[in-house]
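K.L.:
here is my input; please provide its structure:
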Amino acid sequence: MKRTGITRKMDELGRFVLPVEIRRNSAIQPGDPIEISVTDTGAILLQKYAKDCIFCGNDEDVEDVLDQAVCPECLKRIKEGRY
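P.N.:
Down below sits the predicted model:
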């Protein structure tokens, strides 16, 4: 993990601003969902949420199909009756 030396204060509602440099480097846009994880050592990890295909785990070009994430290859297989 790379330390940036950037610190932010959290407000009374638990909010803080993620610096623009970090948002740019991480390709995070306003409205993007952010996944929050806590490691075994207590470190808090923030990362842009990426949906994975429910069938194969692929995270590229995933589409929502009936509120489920499905990649194009698996969607093609479903349409062909191969799943």
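K.L.:
now the residue at minimal distance from the centre of the chain: how far from Tyr83?
P.N.:
In the chain, the C-alpha nearest the mean C-alpha coordinate belongs to Tyr49, at 0.9 Å (CA atoms, centre = their mean). Taking CB to CB, to the nearest Å as the measure, Tyr49 falls 25 Å from Tyr83. Quick note: C-beta positions are derived from backbone N, CA and C, even for glycine.
K.L.:
try Leu66
P.N.:
For Leu66 relative to Tyr83 (CB to CB), the value is 14 Å.
K.L.:
distance from stretch 70-78 to the middle of the chain?
P.N.:
Relative to its parent chain, stretch 70-78 has a centroid offset of 21 Å by CA atoms, centre = their mean, to the nearest Å.
K.L.:
which SS class is Arg24?
P.N.:
Under DSSP: H, G, I helix; E, B strand; the rest coil, Arg24 falls in the helix class.
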